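1. turn this into a structure:
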Amino acid sequence: MSDITKATTFMLLSTFSLSLSGLMAKYLSEAMPISLLSFVRFFLPSLFLFLFLMFYKVTKPSGDMWKPLVMRAIFMVACQWCFLTSLQTLTLVEGVVLFSTGPLFIPLLEKLIFGTKIHTTTIVCLAITFVGVVLMAGDWSQFEFGSEFFRPALLLGLMAGMFNSGSQVSLYRASKTSLSPAELNAWTFLVAAIIVIPMVVFTSISAAPEVIESSGKGSLSALWSFDDLRWIGLGALGLALFTINTQIFRSKAYKLADSGSQLAPLIFTNMLFSALWQGLFFDDVFSTQQMIGINLIVVASISNTLLAKRHSRAKGEQAPRAAMTVANAAALDSAAKS
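-> The predicted model follows:
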């Protein structure tokens, strides 16, 4: 199995886990404050990863490794806050559609920050995928430059996609360090959880008077029943586990890829899985326009994967030829001198 095929497999496993974490986040965003949910989403995966790494050697990041880790943590916090807030008013598919615009920004960010070359095939696949995203949105009026487009929830969803692209670019660079995927994500989630703590404290202090007034005695049992706490706990546990799977598989995929934009269209498969959960759990019926969008995204993803595999194979064949040419030239030069 070639590296690009392995990277594709890991990326699909990552997006499948991401769609499940989105389903959990949709439920939890309606049951608990966004700041607390953000902290749980980062702290629990970090805790589980460090507990797992206790049985192995835990590597502390060196000085040059902290920069991409902190950058990614900042992007993750901003992305998750926008995404979770938008899910309070948007449907699961709408939120994921806007969140999935992140890959559209990745090639541009890589070009601006790292000077990475953008392949023409990648641009074409991203353009096709963008058309699919617009079609999947369902209502085109939401993407027109009118009052509907500037609804706060839609803008937050688009901002989540933008911050997501920054997180992916940072992840690709951080995945090239000596840290294992588990170590990389454990430290990143820990930094992100620390960043969120001031938000949790500020939100708790601001909401304290309202909580006391609404609950009478201010007891937690007055706000949530035992069944509510049980389901919230199970949802938080599932969210943590799916988040870990998402990041571990994605780190492995980026380690095998030549460029972050090479795998960018595959991130959109998260929307396909989320559309499935939307249909199963929310009894949603998709229009012909949305089905066309889904098909366009599938075609773009498969095409980009096959083309990337062909480029990788061609590059592998050119390397031995180039080495043979250099060796022959050196032999001829040596013969001429003798």
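2. so how far is residue 31 from residue 229?
-> Applying CB to CB, to the nearest Å, the value for residue 229 to residue 31 is 10 Å. (Glycine included, C-beta is placed from N, CA and C.)
3. give me the pLDDT for residue 193.
-> Per-residue confidence (pLDDT) for residue 193: 95.
4. my guess is residue 43 contacts residue 189. True?
-> Yes - counting by CB atoms under 8 Å, residue 43 does reach residue 189; the two are 7.3 Å apart.
5. quick one: which of these two has more around it?
-> Using other CB atoms under 10 Å as the criterion, residue 43 and residue 189 rank with residue 189 on top: 27 against 20.
6. what helix or strand is that one on?
-> Using DSSP states H and E, residue 189 sits in helix 181-215.
7. packing partners for that helix?
-> Packing partners of helix 181-215 (3 or more CB pairs under 8 Å, 6 or more residues apart in numbering; DSSP states H and E): helix 34-53, helix 63-87, helix 220-223, helix 226-256.
8. now that helix and helix 226-256, what's the angle there?
-> 150 degrees (axes from the mean of the first three to the mean of the last three CA atoms, to 10 degrees).
9. and helix 181-215, what's buried?
-> By 16 or more other CB atoms under 10 Å, the buried positions in helix 181-215 come out as 181-193, 195-196, 199-200, 203.
10. could you measure residue 33 against residue 83, distance?
-> Distance, residue 33 to residue 83, using CB to CB: 15 Å.
11. which stretches of the stretch 201-338 of the chain have low pLDDT?
-> 207-226, 259-262, 264-265, 284, 286, 305-306, 308-309, 311-338 (pLDDT under 70).
12. at 90 instead, please
-> 201-234, 243-338 (pLDDT under 90).
13. what sits against residue 69?
-> Contacts for residue 69 (CB atoms under 8 Å, 6 or more residues apart in numbering) come out as 61, 174, 184, 187, 188, 191.
14. about what we covered before: out of residue 33 and residue 83, which sits in the more crowded spot?
-> Taking other CB under 10 Å, residue 33 and residue 83 do not tie; residue 83 has more neighbours (26 against 15).
15. need the contact list for the more buried one.
-> 25, 95, 99, 156, 157, 160, 164.
16. quick check: which element contains the fourth one?
-> So that's residue 156. Using DSSP H and E, residue 156 sits within helix 152-174.
17. can you list the low-confidence ranges for the stretch 51-200 of the chain?
-> 52-69, 86-162, 164-185, 199-200.
18. all good on my end, thank you.
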